[in-house]
Every structure is written in C-alpha cells, then in structure tokens.
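Asker: structure of the sequence below:
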Amino acid sequence: MAKQKEPLVTHIYTADPSAHVFNGKIYVYPSHDLEHDGEDNDDGDEYQMEDYHILSMDNVDAPCIDNGEALNMRDVPWVSKQMWAPDCAYKNGKYYLYFPARDKDLRFHIGVAVSDSPVGPFKPEDDYIKGSFSIDPAVLVDDDGSAYIYFGGLWGGQLEKWQTGEFVENPAEIPADAKALGPQVAKLTDDMLQFADGPEEITILDENGEPIKAGDEDRRYFEGPWMHKYNGKYYLSYSTGTTHYLVYAIGDSPKGPFTYQGRILEPVIGWTTHHSIVEIDGKWYLFYHDSSLSGGVNHRRCVKFRELKYDENGKIITMKPYDED
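Answerer: Numbers count the residues shown, from 1 in each chain. Model prediction:
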C-alpha cells in the first residue's frame with residue numbers, strides 16, 4: 001500500500017477525484033489544476049481548470065497512469081471557462097463524463113460527454129443538460145439500473161443563486177437559524193443525457209430529525225456531493241467547505257432524506273476538500289486531495305487515497321489525513 005497518502009501523480013496538479021472500478025480496473029476522474037499567479041477569492045477564480053486527464057491503476061498497489069487529455073473546454077461549444085470537478089458513469093455500453101463549467105454568461109451548468117472507453121476521448125453534447133446549474137456532479141447508477149445525478153456548491157459554485165429556480169445574481173443571505181441549502185438530485189433519462197425529473201433539493205437532518213441549519217458550518221452542506229451504497233443504505237458524503245471537513249449522512253432512498261452521521265476526514269492542507277468513496281476488491285477506499293505537493297497553494301492540489309473502514313454499525317470511522325496508521 002505504498003501509494004496510500006502519497007500523490008497519485010506529481011507531473012500535473014490534480015484535484016476532486018471521482019474514482020470508479022470499470023472492468024476490474026481503477027479509473028480516477030480528477031479536475032486538472034493549472035499553474036498561475038491569479039487571485040484567490042470566494043468565487044473560486046483561482047481554479048482555472050480547462051481540461052481533464054483520466055488516471056488509471058490496475059489495482060491499489062499498481063503504478064498510476066495518466067491517460068492524457070480526454071476532453072478540453074475548446075471542444076465544448078457552450079463553455080467559456082472553468083471546467084471543474086467531474087464524474088463518470090457507465091451504462092448502455094458507454095461511458096458518460098459529467099462536468100461543470102461556466103457558460104458564455106458566466107453561469108455554471110453541467111455538461112455531459114460520451115465515449116466508448118473509460119479513458120476517452122469524450123465527445124461532448126452541444127449544450128449543457130437542460131435544467132442543470134451549479135457544480136460538482138456525481139452520478140450513482142443504482143442496482144436497478146436507474147441513474148441519479150447529485151450536484152451543487154455554494155459561493156463560487158453559485159448554488160445559492162438558484163433558490164427561486166431562476167438565476168439571481170445577488171440573493172439575500174440565508175439566516176444562520178434557517179434551513180441550510182442541500183445538494184440537488186435528479187434522476188437521469190435512460191440515455192443518460194438529460195434529467196428525467198427534478199432537480200430537487202435534498203434534505204439533510206440532524207439527530208433529532210430537524211433540518212441542519214445554515215449556521216451549523218461543521219455539518220451543513222457546502223459542496224462536493226458523493227453517493228455510495230453500503231449494506232443496502234445510501235451514503236451521501238460531502239464537504240463542509242468553510243470548516244474543511246468531509247462528512248456523511250445516511251438514508252433509505254437515493255433522494256433522501258438523509259440523517260447526518262459524522263466526519264469521514266479531518267481537514268487537509270489547503271482550503272478545499274473534495275472526494276469519492278469506492279469499493280475495490282472487497283475493501284473500501286477514500287480518494288481525496290490536498291495541497292501538499294505545492295506546499296499549500298490552494299489551486300495546486302494533488303489526488304491521494306487511503307483505505308476507509310466501517311464499524312459494526314455501518315458508521316464510517318473518522319480519519320486524520322496525516323496520521324501513521
């Protein structure tokens with residue numbers, strides 16, 4: 001397990017890893033951080049990503065391979081800039097790469113590109129998914145073949161600007177004692193290219209069955225949703241953003257509601273936290289990123305992974321990113 005807690009690749013900066021096992025092999029779909037000296041701000045202008053490189057490993061002990069550029073924003077007609085955290089799903093004998101980006105009006109939407117290979121190249125649809133907005137798509141193909149897409153991120157991700165169903169440039173601030181905004185979920189059409197319904201907001205509850213409040217920054221949703229199943233339950237995990245935790249909630253349905261359970265990973269070096277959870281050869285792994293490769297520069301990150309464990313009750317055991325276990 002020499003690769004655990006070390007960057008998967010060091011020749012480029014990578015972040016936001018969505019990991020999957022396709023045909024017995026591990027594929028990681030990260031964003032690609034570009035080096036520049038621009039400003040860091042709450043709108044995420046420092047994250048100037050414009051293409052995707054897909055990583056692969058034969059197993060968790062094998063070398064990680066960069067399979068080259070799979071998609072570039074110049075190939076996507078509706079995109080103006082900032083192709084951020086992606087995900088990939090397999091269905092119908094095809095691979096579907098979902099990605100957020102800003103349109104010509106600088107509003108984030110979610111696009112999809114299709115390939116016969118898990119490493120691409122991917123051919124994008126001419127326009128973004130109708131009804132999509134914000135960032136951080138993650139897709140679950142459930143046991144019955146139904147596919148669900150999860151997305152949404154605050155601040156630079158513009159989630160709070162879409163509360164009315166229309167884009168509002170300067171929405172009123174959500175009071176600390178009001179219900180926190182949750183991620184969005186929509187069922188995908190059979191061809192995986194559009195929303196079959198929704199999107200609708202997911203509710204995340206506390207231990208008393210009450211919605212988590214906007215001021216509860218240790219537990220409230222900020223960005224980076226991920227969905228996986230364990231022992232028949234749906235595990236929604238996400239980043240708290242300002243407090244830099246990876247946390248999770250459990251539900252009985254892919255659309256929730258979900259009840260908050262606890263932390264997965266304590267804060268890493270760097271501001272952002274974004275992850276995926278995947279089963280590989282009977283064990284579970286957390287893929288995540290930090291800024292250790294660049295010495296702490298927020299927009300120069302590196303992807304890592306480590307084993308994730310559950311207790312006898314199905315709760316995820318909290319991890320510290322730089323411990324020695």
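Asker: when you work out contacts or count neighbours from here on, use the C-alpha atoms and nothing else.
Answerer: Noted.
Asker: what sits against the nearest residue to A176 once chain neighbours are set aside?
Answerer: Leaving aside its chain neighbours, A176 sits nearest to G215 (3.9 Å; criterion: C-alpha to C-alpha, 6 or more residues apart in numbering). Residues counted as contacts of G215 (C-alpha atoms under 8 Å, 6 or more residues apart in numbering) are 175-178, 180.
Asker: for those residues, pick the one with the most neighbours.
Answerer: Greatest neighbour count in those, by other C-alpha atoms under 10 Å, goes to A180: 22 neighbours.
Asker: just the pLDDT for the residue in the chain sticking out farthest from the centre.
Answerer: The centre of the chain is farthest from one residue, N208, which by C-alpha atoms, centre = their mean lies 27.6 Å away. With respect to pLDDT, N208 scores 98.
Asker: looking at this, it is in a helix?
Answerer: No. With DSSP: H, G, I helix; E, B strand; the rest coil as the criterion, N208 is assigned coil and is not in a helix.
Asker: how much space between it and T259?
Answerer: With distances taken as C-alpha to C-alpha, to the nearest Å, N208 is found 9 Å from T259.
Asker: picking that back up, now the residue nearest to A176. Its backbone dihedrals?
Answerer: phi -80, psi -10 (degrees, to the nearest 10).
Asker: closest one to G131 out of the contacts of G215, please.
Answerer: In terms of C-alpha to C-alpha, no member of the contacts of G215 lies closer to G131 than A180, at 21.6 Å.
Asker: what's the residue nearest the centre of the chain in contact with, if anything?
Answerer: Among the residues of the chain, the one closest to the centroid is G224, at 4.0 Å (C-alpha atoms, centre = their mean). Residues near G224 by C-alpha under 8 Å, 6+ apart: 136-137, 151-153, 237-239, 273-275.
Asker: including neighbour count and secondary structure, could those go into a markdown table?
Answerer: Listed next are the contacts of G224 as a markdown table, based on neighbours: other C-alpha atoms under 10 Å; DSSP: H, G, I helix; E, B strand; the rest coil:
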| residue | neighbour count | secondary structure |
| --- | --- | --- |
| D136 | 28 | coil |
| P137 | 32 | coil |
| F151 | 27 | strand |
| G152 | 29 | coil |
| G153 | 25 | coil |
| S237 | 27 | strand |
| Y238 | 27 | strand |
| S239 | 28 | strand |
| T273 | 26 | coil |
| H274 | 27 | coil |
| H275 | 26 | coil |
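Asker: including pLDDT and distance to K187, could these go into TSV?
Answerer: Compiled in TSV, the contacts of G224 are given as follows (pLDDT from 0 to 100; distance: C-alpha to C-alpha, whole Å):
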residue	pLDDT	distance to K187
D136	98	16
P137	98	12
F151	98	12
G152	98	15
G153	98	19
S237	98	18
Y238	98	19
S239	98	22
T273	93	26
H274	96	23
H275	98	22
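Asker: gap between the closest residue to P121 other than its chain neighbours and Y230?
Answerer: With C-alpha to C-alpha, 6+ apart as the criterion, P121 has its nearest non-adjacent residue at 4.4 Å, and that residue is A70. Distance, A70 to Y230, by C-alpha to C-alpha: 31 Å.
Asker: looking at the two, which is more packed in?
Answerer: A70 (18 against 12).
Asker: hang on, isn't that one packed against V119?
Answerer: Yes. A70 is within contact range of V119, at 6.6 Å (criterion: C-alpha atoms under 8 Å).
Asker: mutual contacts of these two, please.
Answerer: Counting by C-alpha under 8 Å, 6+ apart, the common neighbours of A70 and V119 are I54.
Asker: of the contacts of G215, closest to Y96?
Answerer: Proximity of the contacts of G215 to Y96 (C-alpha to C-alpha) peaks at A180, which lies at 30.6 Å.
Asker: wait, isn't that closest one in contact with D206?
Answerer: No. Using C-alpha under 8 Å as the test, A180 is too far from D206 to be in contact (11.5 Å).
Asker: which neighbours do these two share?
Answerer: Common neighbours of A180 and D206 (C-alpha under 8 Å, 6+ apart) are I212.
Asker: related to what we said a few turns ago, what's the helix or strand for the residue nearest to P121?
Answerer: strand 65-72 (DSSP states H and E).
Asker: what about that strand, average pLDDT?
Answerer: Here strand 65-72 scores 98 as its mean pLDDT.
Asker: in it, which residues are buried?
Answerer: Residues of strand 65-72 classed as buried: 65-66, 70-72 (neighbour count, 16 or more other C-alpha atoms under 10 Å).
Asker: now the two most distant members of those residues.
Answerer: Top of the distance list for the buried residues of strand 65-72 (C-alpha to C-alpha): I65 and N72, 18.9 Å.
Asker: circling back: can you point out the buried residues in the host helix or strand of the residue nearest to the centre of the chain?
Answerer: G224 is located in strand 223-230, with elements delineated by DSSP H and E. The neighbour-count check on strand 223-230 (16+ other C-alpha under 10 Å) flags 223-229 as buried.
Asker: closest to F22 among the residues you listed?
Answerer: F22 lies nearest to H228 out of those, by C-alpha to C-alpha, at 15.4 Å.
Asker: so who does the closest one touch?
Answerer: By C-alpha under 8 Å, 6+ apart, the neighbours of H228 are 140, 234-236, 277-278.
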